[in-house]
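S.K.: sequence first, predicted model second:
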Amino acid sequence: HVHTMGRGKRKRWGNGRGGGQRGEQKRIRDDSTGYEPIVLKSEAFEKYYQAQKLVPGGNTPCAYSPTGARYGAVALVPTEWDRLLEAARKPLPTSFRVTGTRSSAVEFRNMIETRFFSKMQELQIEGVDIAPPSPIAFYPDRLAWQMHVNRGALRKAPAFNDFHRFLVAMNEKGNLSRQEAVSMIPPLLLDVQPEHAVLDMCAAPGSKTAQLIEMLHSGDAPPTGIVIANDVENKRCYTLTHQTKRLQSPNFVVTNLDASKFPSLRVPSSEPGRLDRLQFDRVLCDVPCSGDGTLRKNQAVWKKWNPMNGVGLHKMQIKIAFRGAQLLKVGGRLVYSTCSFNPIENEAVVAALLRTTSLELIDVSADLPDLKRHPGLSTWKVIEKYGEELPSRATTRPELRKQFVPSLWPPTPEEAEWMHLERCVRVYPQQQNTGGFFICAFRKKAPMSSREGREEAAQQAAAATAAAAAQSSGDAPDAAVDEGAASSAAASTMDEDVSKSEPAPSDAPAAAAPPRKASQSGYKEDPYIFLETDGDKYWPPIKEFYGFSDAFPARNIFTRSEGDVKRHIYFVSDMVRHVIQNNELSNVRIINAGVKVLTRSDARNKPCDYRLCMDGLQSTWQWLEKRVAPCTMNDLGKVIRQDGAEMKELSELVQDGLKDVSIGCTVLRYDPAADPNGSLACALQVLVWRSDDGVRTLVSKDDRKFFCSLLGIPVEEDTRKRALEQPCAAEAESEAPAEVESASKRLREDTETEAASAAPMATDPPT
């Protein structure tokens, strides 16, 4: 069934964005004979796409091919069409991508190449050569790979079997992402930079979203941009949250909205006391589609395919992409993509956008030079359910005209000349052993309405005024304004004729949010309560104990609990805070935002009520002026392998760093520049509990596996169990001897609460 990721309930056509029921991928039910393999052939599919001339000069089948035998052709060389069909009937290779920030991803890739791929060279199974994994040519830095073996070979070859188990484990953790090769293309063509505001309109399950987050964090400094990932299905939003959890970005938000009606968001302007409409620098429209480009993995497509699949989705696809164009900044880039071959879902939608918006197609032929591709189609045929061609809407039978809208037909020769549909990208299975995909990139040339033009001019004028004022005073321009003043001025800064200039769903702003639970159409989430509104009760003792710098943006920390006991504390970027505080949450329907940076400790005589979390350590450690100790790679390996270490086992570098650190949660940091004997090129941070006699790790089982893999340490499953059975030295110092056992149990539970990471980021259920 189609994945309706950007829309409400619709009629179910085809197989969605590579969707389909998992049980249908291999076998279907035949009531008379039981289960039988799917026949990988569809005459309707072949006839339809031969008529569309997907590949130039490739529609005459050859003599020895299945299609050639049926049509009685005499050609001796297979055509491009025959190669396409042959590739489409073969299983899709497994492909995966190394995730994370660039430095850690490259280090993890090096480990995989050394530990696994070096053992997969020149392998044979039953006399047949087995190709080793190969990097995907068009993906940068060899961070994406394909495996060209079937499941039977995986079981028979120990080297492949070991790597497959490793791949499954790391995919669950998020260090590797099992993602189809062609689905990696749209984010690459979007060209996201750290300062960009990015909207992924139909984001679930989240593999492309993860790429966008990684690109946002590609610089050395914390990014100032934001990634908003949207999906219409509530359950899929939580899948999306889980998929992106490993990246732990404070610049990331998940929303649960109809993409074609995504609201205008308000954020503070450069001009004090004013709210502006958030205009996105980048928009990804990977829309719901019939999914016939996924027939290598969703084999039920062969049985279910019919020409009406694309016709039924065409109008919805236009609405989603049109709304994306409205939200896009002038000069910004929008990428439209589907996993369908059908020009009705691809070039016809593109042509409709070019007619009705200020978008223009970008020539991306020089981007991703190693990607093999075909140009977009400039003409195609509109065909109804039973294979009859409809030359024009005027000649279409009256009962079909409601479904067959004018935008289905190809452009006139005059339109085709200025539209440049050949700039679209078509990827076919036979080119690089992938699935089928369609991608195109747009640039927005001008505002799409008079209201948008006025807002654009006002924002540019406000920015220029703020920059001039900052230059005259000698200060750097500061985009942040007083949120209270901005919220109170929201009504006066929004145009009075909003409802006249655009349809209501397109322009309705999300007003300032009160600190209460929002409930609308089943949406119910705990409020976002920023600690700055709670006075000085919680933050000062935390700041003093961990030595948070005065420069730390404490205004960006919040809880999801209205009671006196704040179990978890989360952190977001400035832009995410602006979105939360200046928009009505019941309209925006935020499902997830922020990373967990602190969690309450239940241990007795604890030095601080809260301890740091591994989830948010990447966002907090650089702000700590206390409780951070340097370590060598050897120290790190010893602590991870043993789940802790006595002080005498650690290097002098660690002992000196911990000399003046009191009992409690502490950060050990490995810096490759400070360790000439270390082989890792990326910095790492690990949370430990510092005691008088040593340290003990505060990491989850999955995090420990990741560190072991990176450091080349064999994972011994019973090591952590043995360590947990021993009393913690830190608690032995702080508890009476008779209470050691119970205190140890409490700290173990506290540690395992952190380790389990059962509540991903800020998605705790309502309390």
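M.R.: Thanks, I have the structure now. Numbering: from 1, shown residues only.
S.K.: what's the neighbour count on the spatially closest residue to Asn234 that is not a sequence neighbour?
M.R.: Of all residues not flanking Asn234 in the chain, Asn256 sits nearest, at 5.4 Å (C-beta to C-beta, 6 or more residues apart in numbering). To be clear about C-beta, it is placed using only N, CA and C from the backbone, and glycine gets the same treatment. Using other C-beta atoms under 10 Å, Asn256 has 23 other residues around it.
S.K.: what helix or strand is Leu710 located in?
M.R.: Assigned by DSSP states H and E, Leu710 belongs to helix 701-711.
S.K.: from Asp231, how far off is Leu334?
M.R.: In this view, Leu334 and Asp231 are 18 Å apart by C-beta to C-beta, to the nearest Å.
S.K.: actually Ala681, not the one I wrote
M.R.: Distance from Ala681 to Asp231, by C-beta to C-beta: 36 Å.
S.K.: okay, these two: which has more neighbours?
M.R.: Between Ala681 and Asp231, Asp231 has the larger neighbour count (other C-beta under 10 Å), namely 30 against 12.
S.K.: helices of the stretch 451-600 of the chain, start to end?
M.R.: In the stretch 451-600 of the chain, the segments counted as helices under DSSP state H, counting those that start in this stretch are 483-488, 490-493, 498-501, 504-507, 539-546, 574-581, 585-588.
S.K.: now Val253: how far from Ala44?
M.R.: In terms of C-beta to C-beta, Val253 sits 42 Å off from Ala44.
S.K.: repeat that for Ile542.
M.R.: Counting by C-beta to C-beta, the separation of Ile542 from Ala44 is 65 Å.
S.K.: neighbour count winner among those two?
M.R.: Using other C-beta under 10 Å, the more surrounded residue of Ile542 and Ala44 is Ile542, with 20 against 15.
S.K.: look at the most centrally placed residue in the chain and give its secondary structure.
M.R.: Centroid-nearest residue in the chain, with C-alpha atoms, centre = their mean: Thr209, separated by 1.9 Å. Of the three states, Thr209 takes helix according to DSSP: H, G, I helix; E, B strand; the rest coil.
S.K.: that one: what's it in contact with?
M.R.: Asp200, Ala203, Val227, Ala229, Leu240, Gln243, Thr244 (C-beta atoms under 8 Å, 6 or more residues apart in numbering).
S.K.: relative to Gly291, which of the residues you listed is nearest.
M.R.: Ala203 (16.8 Å; C-beta to C-beta).
S.K.: not counting sequence-adjacent ones, nearest residue to that closest one?
M.R.: Residue nearest to Ala203 in three dimensions, not counting chain neighbours: Ala229, with 3.7 Å by C-beta to C-beta, 6+ apart.
S.K.: ok, now how distant is the one you found from Arg115?
M.R.: 33 Å.
S.K.: okay, Ala476: pLDDT?
M.R.: For Ala476, the model assigns a pLDDT of 42.
S.K.: okay, now the residue nearest to Gly664 when sequence neighbours are not counted: neighbour count?
M.R.: Nearest residue to Gly664, sequence neighbours excluded (C-beta to C-beta, 6+ apart): Pro607, at 4.2 Å. Pro607: 16 surrounding residues under other C-beta under 10 Å.
S.K.: check contacts around Pro607.
M.R.: With contact set as C-beta under 8 Å, 6+ apart, Pro607 has these partners: Phe545, Ser662, Ile663, Gly664.
S.K.: can you check Val106 too?
M.R.: Asp141, Leu143, Ala681, Cys682.
S.K.: kindly recompute the last result at 7 Å.
M.R.: Asp141 (C-beta atoms under 7 Å, 6 or more residues apart in numbering).
S.K.: what pLDDT does it get?
M.R.: Per-residue pLDDT puts Val106 at 86.
S.K.: that one falls within a helix, correct?
M.R.: Yes - if the criterion is three-state DSSP, then Val106 is within a helix.
S.K.: on the three-state scheme, Ala629 is what?
M.R.: Three-state assignment for Ala629 (three-state DSSP): strand.
S.K.: what pLDDT is listed against it?
M.R.: 95.
S.K.: can you give me the neighbour number for the closest residue in space to it that isn't next to it in sequence?
M.R.: Leaving aside its chain neighbours, Ala629 sits nearest to Gly657 (3.1 Å; criterion: C-beta to C-beta, 6+ apart). Applying other C-beta under 10 Å, we find 19 residues neighbouring Gly657.
S.K.: same check on Ala105?
M.R.: There are 19 residues near Ala105, going by other C-beta under 10 Å.
S.K.: residues contacting it?
M.R.: Val98, Thr99, Leu143.
S.K.: got the residue ranges for the helices in the stretch 101-250 of the chain?
M.R.: Under DSSP H, counting those that start in this stretch, the stretch 101-250 of the chain gives helices at 102-115, 151-156, 158-173, 185-190, 207-216, 234-244.
S.K.: among those helices, which is nearest Val686?
M.R.: helix 102-115 (13.4 Å).
S.K.: which stretches of the stretch 401-550 of the chain have low pLDDT?
M.R.: Applying pLDDT under 70 to the stretch 401-550 of the chain flags residues 459-524, 533-536.
S.K.: hey, where'd the strands end up in it?
M.R.: With strands called from DSSP state E, counting those that start in this stretch, the stretch 401-550 of the chain shows them at 425-427, 437-444, 518-520, 523-525, 529-530.
S.K.: most tightly surrounded among these?
M.R.: Of all the strands of the stretch 401-550 of the chain, strand 437-444 has the most neighbours on average by mean count of other C-beta atoms under 10 Å, namely a mean of 24.
S.K.: pull up the pairing partners for it, direction included.
M.R.: Strand 437-444 has the following sheet partners, assigned by DSSP bridges: strand 328-338 (antiparallel), strand 359-361 (antiparallel), strand 425-427 (antiparallel).
S.K.: centre of the chain to the longest one, how far?
M.R.: Here the centre of mass of C-alpha atoms in strand 328-338, compared against the chain's by C-alpha atoms, centre = their mean, to the nearest Å, lies 17 Å away.
S.K.: kindly report the same for stretch 667-683.
M.R.: 29 Å.
S.K.: quick check: closest non-adjacent residue to Gly225.
M.R.: His196 (4.4 Å).
S.K.: mind listing the strands for the stretch 601-750 of the chain?
M.R.: 610-612, 628-631, 644-646, 664-670, 684-690, 694-697.
S.K.: which of those strands sits closest to Leu377?
M.R.: strand 684-690 (49.5 Å).
S.K.: so for the closest one, mean pLDDT?
M.R.: On average, strand 684-690 scores 93.
S.K.: for stretch 158-169, same thing?
M.R.: Across stretch 158-169, pLDDT averages out at 79.
S.K.: in it, what's buried?
M.R.: Ala159, Phe160, Phe163, His164, Phe166, Leu167, Ala169 (16 or more other C-beta atoms under 10 Å).
S.K.: please apply the same query to stretch 684-704.
M.R.: Within stretch 684-704, judged by 16+ other C-beta under 10 Å, the buried ones are 684-691, 694-700, 702-704.
S.K.: about what we covered before: including distance to Ser407, could the strands of the stretch 601-750 of the chain go into TSV?
M.R.: Shown next, in TSV, are the strands of the stretch 601-750 of the chain (distance: least, C-beta to C-beta, whole Å):
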stretch	distance to Ser407
strand 610-612	54
strand 628-631	59
strand 644-646	65
strand 664-670	57
strand 684-690	53
strand 694-697	59
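S.K.: so for Thr338, which of these sits nearest?
M.R.: Nearest to Thr338, of all the strands of the stretch 601-750 of the chain, is strand 684-690, at 39.8 Å by C-beta to C-beta.
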